[in-house]
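**Student:** Return atomic coordinates for the entry below.
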Amino acid sequence: MKKSTILFFMLLTLSFSQIVAQEEPSKEYADNYKKVMERTQWWREARFGMFIHFGAYAVPARGEWVKSNERLTTETYQKYVDEFNPKDFDAKAWAKTAKVAGMKYAVLTAKHHDGFCMFDSKLTDYKLSKNFGGRDLVREFLDAFRAEGLKVGLYYSLIDWHHPDYPNVGNHPQRDYKEYGKRTFNWDNYLKYMHGQVEELVKNYGKIDIMWFDYSFDDYSGEKWGATELVSMIRKYQPDIILDNRLSAYEGTSSRQRMLKPIGDFESPEQIIPDAPLIDKYNNTLPWETCITLNGSWGYTEQDHNWKSPELIVQTLVNCVSKNGNLLLNVGPDARGKIPQESVDILSEVGKWMGLNSESVYGCGAANLPKPDWGRYTQKGNKIYAHWMNPNMGQLNTKGIESDQVKNMYLLKSGGELLYQKARWLNSEPGNLFITVGSSPQKPFEYDTVIGIEMKK
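**Tutor:** You can find the predicted model right below:
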């Protein structure tokens with residue numbers, strides 16, 4: 001080999017080692033990562049939560065973005081605010097619905113983009129309590145869900161289409177009104193209002209487990225919101241609270257560039273499930289949660305009957321858990337305050353599956369195994385859970401599980417033992433393990449049949 005070639009490889013090796021060295025996280029990043037994983041431990045074990053989008057937009061019943069989509073002025077939108085009287089609202093009924101479904105936490109919209117407050121804010125009269133006999137719906141929600149043993153969270157919109165000092169940017173209903181844009185907007189005054197309302201929520205309502213901000217865009221991101229100061233204030237009152245990552249807009253285009261920031265504890269994909277577990281640029285596992293609607297809408301929409309089946313919800317939940325993620329499943333109560341019966345029925349069916357199989361969800365995460373054609377895996381400690389979701393001919397091949405390391409194998413819903421073997425027909429390669437599941441290609445449990453595989457320690 002020529003000296004020049006040797007020198008080239010020496011330089012290449014040196015450069016590579018420098019790159020690797022540069023990829024080591026700083027102490028500051030490592031310390032923040034440790035704190036995030038400690039704060040989110042209960043949440044990562046819970047895996048399943050309820051999102052609740054509820055506000056004056058339930059009256060027009062065309063979704064929570066109706067004011068923006070239809071370019072409604074505040075004056076036009078006021079008729080919906082005046083008509084909004086959720087007389088059938090029952091926080092205890094909501095909480096029981098979540099509990100029956102097997103959910104472990106819930107997040108309610110305290111204020112959405114329309115600026116209308118569902119809590120009794122002292123900083124505005126634009127709130128439900130003014131026309132609801134003084135009742136504080138957020139407080140009732142928190143009390144009822146806590147009573148059911150569920151963790152509680154509040155959604156707060158950084159955006160406010162009602163506040164006079166919030167400019168007509170982004171998806172503001174008057175974004176195309178040139179005359180509206182000529183108004184004088186005092187951004188510092190809006191920040192004072194927004195920070196003040198968040199302080200009300202974290203100071204006056206007891207322990208809040210999650211604060212769900214929505215959302216950043218373009219230049220309206222991070223310190224535009226006064227994010228560092230805001231988070232510092234929040235943690236003064238709620239040191240253990242979990243924050244989503246929407247105080248900051250996504251940066252970069254590569255998934256390999258993900259980084260945890262002190263202003264957000266988990267990633268929040270929407271209406272989508274990542275292809276694989278999320279990791280940061282240092283290969284650390286990142287907490288994440290996808291939020292998904294039960295039909296096609298977040299806020300109540302009268303003509304949206306595109307309901308997802310219980311089977312799809314169960315399989316979506318398992319899909320998330322198999323990639324170290326959570327599912328925040330949305331319901332949109334109607335203008336009278338009732339969760340639609342279709343939602344209640346779907347969640348009840350999901351709850352029946354959870355009643356028999358929640359062991360394969362709570363506290364579980366990804367298994368280091370290739371995804372099988374017939375379903376997915378989740379894992380907790382030395383227990384692997386094989387989720388048989390798709391029709392399958394013959395035995396289930398749990399490829400990658402060594403048979404001599406299996407201590408016990410059973411059907412999770414009944415505890416009944418299942419037999420297995422290392423070879424079937426001419427297929428005897430190392431790493432194969434065939435589970436005998438009967439002659440029918442259809443799984444015994446309609447949504448997802450779970451097989452518990454206890455491995456030797």
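
**Student:** So what pairs up with Lys380 in the strands?
**Tutor:** Lys383 (DSSP bridges).

**Student:** For the residue minimising distance to the centre of the chain, which non-adjacent residue is closest in space?
**Tutor:** The centre of the chain sits closest to Glu289, judged by Cα atoms, centre = their mean, with a distance of 3.1 Å. Spatial nearest neighbour of Glu289, excluding adjacent residues (Cβ to Cβ, 6 or more residues apart in numbering): Asn326 at 3.8 Å. Every C-beta, even on glycine, is put in place using the N, C-alpha and C of the backbone.

**Student:** Can you list the helices and strands that the helix or strand hosting the one you found packs against?
**Tutor:** Assigned by DSSP states H and E, Asn326 falls within strand 325-331. Packing partners of strand 325-331 (3 or more Cβ pairs under 8 Å, 6 or more residues apart in numbering; DSSP states H and E): helix 41-46, strand 48-52, strand 288-293, helix 310-321, helix 341-357.

**Student:** end-to-end on stretch 394-408?
**Tutor:** 21 Å (Cα to Cα, to the nearest Å).

**Student:** Stretch 204-218 now?
**Tutor:** Note: stretch 204-218 ends 32 Å apart using Cα to Cα.

**Student:** Please spell out which residues along it are buried.
**Tutor:** Neighbour counts over stretch 204-218 (16 or more other Cβ atoms under 10 Å) mark Tyr205, Ile208, Asp209, Ile210, Met211, Trp212, Phe213, Asp214, Tyr215, Ser216 as buried.

**Student:** what about the fifth one, distance to Ile263?
**Tutor:** Yep, that's Met211 we're talking about. 11 Å (Cβ to Cβ, to the nearest Å).

**Student:** what does Met393 give?
**Tutor:** 51 Å.

**Student:** circling back to that earlier point, among the buried residues of stretch 204-218, name the ones in strands.
**Tutor:** Per DSSP state E, strands hold the following members of the buried residues of stretch 204-218: Ile210, Met211, Trp212, Phe213, Asp214.

**Student:** nearest to Trp353, of these?
**Tutor:** Ile210 (24.7 Å; Cβ to Cβ).

**Student:** returning to that earlier point: who touches both of Met211 and Ile263?
**Tutor:** In terms of Cβ atoms under 8 Å, 6 or more residues apart in numbering, Met211 and Ile263 are both contacted by the residues Leu243.

**Student:** after the helix or strand of the chain with the lowest mean pLDDT comes which helix or strand?
**Tutor:** Using mean pLDDT, DSSP states H and E, the weakest-scoring helix or strand in the chain turns out to be helix 3-22, at a mean of 43. Using DSSP H and E, the helix or strand that follows helix 3-22 in sequence is helix 27-39.

**Student:** Just the residues contacting that following helix, thanks.
**Tutor:** Against helix 27-39 from outside (Cβ under 8 Å, 6+ apart): 25, 240-242, 259-262, 265-266, 280, 282, 284, 287.

**Student:** Next, the buried residues of it.
**Tutor:** Tyr29, Asn32, Tyr33, Val36, Met37, Arg39.

**Student:** Check which element follows the helix or strand harbouring Gln78 along the chain.
**Tutor:** Using DSSP H and E, Gln78 sits in helix 74-83. Downstream of helix 74-83, the next assigned helix or strand under DSSP H and E is helix 91-101.

**Student:** mind pulling up the phi and psi values for Glu417?
**Tutor:** phi -70, psi 140 (degrees, to the nearest 10).

**Student:** in the sheet, who's paired with it?
**Tutor:** Assigned bridge partners for Glu417, using DSSP bridges, are Tyr410.

**Student:** Wait, it touches Tyr410, no?
**Tutor:** Yes - counting by Cβ atoms under 8 Å, Tyr410 is a contact partner of Glu417 at 5.4 Å.

**Student:** Lowest-confidence one in the buried residues of stretch 204-218?
**Tutor:** Ranked by pLDDT, the buried residues of stretch 204-218 bottom out at Tyr215 (94).

**Student:** So the residue nearest to it when sequence neighbours are not counted, which state does it fall into?
**Tutor:** For Tyr215, ignoring the flanking residues on the chain, the nearest one in space by Cβ to Cβ, 6+ apart is Arg246 at 4.6 Å. Following DSSP: H, G, I helix; E, B strand; the rest coil, we place Arg246 in the coil state.

**Student:** Could you count how many residues lie near Arg246?
**Tutor:** For Arg246, the neighbour count with other Cβ atoms under 10 Å is 22.

**Student:** And the pLDDT for it?
**Tutor:** Each residue has a pLDDT score; the one for Arg246 is 97.

**Student:** just checking, it touches Met211?
**Tutor:** No - between Arg246 and Met211 there is no contact under Cβ under 8 Å: 10.3 Å.

**Student:** now the strands for the stretch 151-300 of the chain?
**Tutor:** 151-157, 210-214, 242-243, 288-293 (DSSP state E, counting those that start in this stretch).

**Student:** can you list the weak-confidence ranges in the stretch 151-300 of the chain?
**Tutor:** The model of the stretch 151-300 of the chain has pLDDT under 70 over residues 251-256.

**Student:** Strand 210-214 and the strand holding Asn326, what's the angle between them?
**Tutor:** Put simply, strand 325-331 runs at 70 degrees to strand 210-214, going by axes from the mean of the first three to the mean of the last three Cα atoms, to 10 degrees.

**Student:** Just name the most buried of the helices and strands packed on strand 325-331.
**Tutor:** strand 48-52 (a mean of 24; mean count of other Cβ atoms under 10 Å).

**Student:** what about dumping the CA coordinates of that one to CSV?
**Tutor:** This file holds the C-alpha atoms of strand 48-52, laid out as CSV (Å, rounded to 0.1, in the frame of the first residue of the first chain):
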residue,chain,number,x,y,z
PHE,A,48,-52.9,5.5,26.9
GLY,A,49,-54.6,8.8,27.5
MET,A,50,-57.7,10.7,26.5
PHE,A,51,-57.6,14.0,24.7
ILE,A,52,-60.7,16.2,25.1
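
**Student:** measure the residue nearest to Tyr77 when sequence neighbours are not counted to Phe217 for me?
**Tutor:** If the residues on either side of it in the chain are set aside, Tyr77 comes closest to Lys67, at 5.2 Å by Cβ to Cβ, 6+ apart. To Phe217, Lys67 is 17 Å away according to Cβ to Cβ.
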